[in-house]
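Trainee: Generate a structure from the sequence data that follows.
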Amino acid sequence: MTTSYQQSRDSVINGALRVLGVIGAGDTPTPQDYQNCSEALNLYIKQLQTKGLPLWLVEDLPVPMVAGQYTYTLGPTGDVICDRPLRVVMAFIRSPQGNDTTLQVISRQEYMQQGYKPSSGTPNQVYYDPQLGNGVLYVFNNPNAAGWTIHLQVQQPISDILTPTSIPQFPSEWFNTLKFGLADQLALEYGVPAQVRAELAQRAAKYEEVMTDWSQEEASTSFSPDFRFRN
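Mentor: Below you'll find the model as predicted:
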């Protein structure tokens, strides 16, 4: 008995083409079909990254503080070597003694409203700009001592699927959604009749909605006043 069923890139493609009626049971797509469908699958997965915060993609990213440095690049050639994070969910700072303090993740506008960016002290706010290539983390206040580490809870990108045997970076519960979502993406390209396309789009959207909702963390919500910019 297993609970970790997975499908390779080509298995997802075969399933999508069967849904479309392009191939029958036991048939094999052409090399060109695999190439076209692989491109469509990777584009579809890139699009899925914009929906919510999938739990399996949220990771802890430590950023060691350097005294006097208040911007840090995060990415393949950054100060911190990693995949470029898509967004920061939450953050905390750990003191040299191991004590953790929550940091406020602020917007670009809020960061720009800070009067003096190099203001020295213990960081209490961060702003993250994804950019291209490397993202940029802005820290306020400017760290006045080494030994502190900011821990970012970040949404990482989904890995590209480039080979026939590559396994999409999704939990097994998502594979049916990938099959029907890919079929929906390919339907127009393969000349599927409009009525069938409409039914397929509706089913793919429903599967995607269910899995997107399921992949979110359940937690309570609280509200508090923000006094930072009051006179």
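Trainee: Going by C-alpha atoms from here, please, whenever you check contacts or count neighbours.
Mentor: Noted.
Trainee: Using neighbour counts, pick out the buried residues of the longest helix along the chain.
Mentor: Secondary structure assigned by DSSP state H gives helix 194-214 as the longest helix of the chain. Buried residues in helix 194-214, counting neighbours by 16 or more other C-alpha atoms under 10 Å, are found at 197, 200-201, 203-204, 207-208, 212.
Trainee: What's the local residue count around Val80?
Mentor: Residues lying near Val80 (other C-alpha atoms under 10 Å) number 18.
Trainee: what residues does the longest helix of the chain touch?
Mentor: 51-52, 54, 173-174, 176-177, 180-181, 183-184, 187-188 (C-alpha atoms under 8 Å, 6 or more residues apart in numbering).
Trainee: Looking at these, which is nearest Asn124?
Mentor: Gly52 (25.6 Å; C-alpha to C-alpha).
Trainee: Next one, pLDDT for the closest one please.
Mentor: Per-residue pLDDT puts Gly52 at 67.
Trainee: And for Ser215?
Mentor: 69.
Trainee: What of the one 10 residues further on?
Mentor: As predicted, Pro225 sits at a pLDDT of 61.
Trainee: circling back to that earlier point, which of the contacts of helix 194-214 has the weakest pLDDT?
Mentor: For the contacts of helix 194-214, the pLDDT minimum is Gly52, 67.
Trainee: Just among the contacts of helix 194-214, which is most surrounded?
Mentor: Ala183 (28 neighbours).
Trainee: My guess is that residue contacts Val22. True?
Mentor: No. Counting by C-alpha atoms under 8 Å, Val22 is not a contact partner of Ala183; they are 10.3 Å apart.
Trainee: Identify the contacts common to these two.
Mentor: Common neighbours of Ala183 and Val22 (C-alpha under 8 Å, 6+ apart) do not exist.
Trainee: still on that earlier bit, hmm, which two among the contacts of helix 194-214 are most spread apart?
Mentor: Pro54 and Leu188 (28.4 Å).
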